[in-house]
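> Can you look at this prediction? I've put the sequence above it.
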Amino acid sequence: MTLAVNILDLLDPQAIFVLLAVIFAAIKAFFEHRKKGESEEIVGGETEFDPYQAYEEEIARQRRDLQIEVPSPTVPPPLDNFTPTPPLPSVPIRPRLSQAEEEALSNLNLLKTRRSRKAGNSTRSRLYRHLSSPTAAREALLLAEVLGPPKSLQNDR
């Protein structure tokens, strides 16, 4: 008896509480798993409800009531005289451009090369990119509120 008391004195009370909580959780999980297994056996023993089959039966009943005749599905022709399509060319065929389209394309390419030559990190380009972003208006209003005059000194409009 004194040995058991000494072991309990050595153990931390929080550790004992955690150990008991784990044991109770394991027992609870065991009984829930067992209960779920029994309920699955009951459901499996009965006829299972098939919504697709019920839907098909309802459609057939409505067709009978409304006297709708459904033609039987047609059988596709046999594939004996099937000719495969020729393979696609390995090189894509590009459409021919008119003279005006070719000039427009060359002008567009020329504009792209001119833009790429400019410094992309200049202050002006960064400012334009920032002002064209959707958040620029929100940031401008926020900065006006923070850096502007207090509400009591603003004119009422």
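Great, that's in hand.

> what about the most centrally placed residue in the chain, distance to A140?
Residue closest to the average C-alpha location in the chain (C-alpha atoms, centre = their mean): P134, at 24.6 Å. Distance of P134 to A140, given as C-beta to C-beta, to the nearest Å: 12 Å. All C-beta atoms are positioned from the backbone trio N, CA, C, and that covers glycine.

> which residues in this protein form helices?
In the chain, helices defined by DSSP state H lie at 2-10, 13-45, 51-66, 99-117, 123-131, 136-147, listed in chain order.

> Reformat those as a markdown table; add mean neighbour count, mean pLDDT and distance to S72.
Shown next, in a markdown table, are the helices of the chain (neighbours: other C-beta atoms under 10 Å; pLDDT from 0 to 100; distance: least, C-beta to C-beta, whole Å):
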| stretch | mean neighbour count | mean pLDDT | distance to S72 |
| --- | --- | --- | --- |
| helix 2-10 | 8 | 65 | 82 |
| helix 13-45 | 10 | 79 | 36 |
| helix 51-66 | 10 | 87 | 13 |
| helix 99-117 | 10 | 82 | 54 |
| helix 123-131 | 11 | 78 | 66 |
| helix 136-147 | 10 | 82 | 65 |
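
> if we can go back for a sec, where does the residue nearest to the centre of the chain land on pLDDT?
For P134, the pLDDT comes out at 76.

> again with M1
Predicted confidence (pLDDT) for M1: 50.

> Same question for P76.
Taking P76 on its own, its pLDDT is 72.

> Can you get me a residue count around it?
Applying other C-beta atoms under 10 Å, we find 6 residues neighbouring P76.

> Next one: L105 relative to Q53, how far apart?
61 Å.

> hmm, I was thinking of N81
Using C-beta to C-beta, N81 is found at 39 Å from Q53.

> for V91, same thing?
V91 is 53 Å from Q53, by C-beta to C-beta.

> swap in E101?
Counting by C-beta to C-beta, the gap from E101 to Q53 is 60 Å.

> got it, and L79?
33 Å.

> All set now, cheers.
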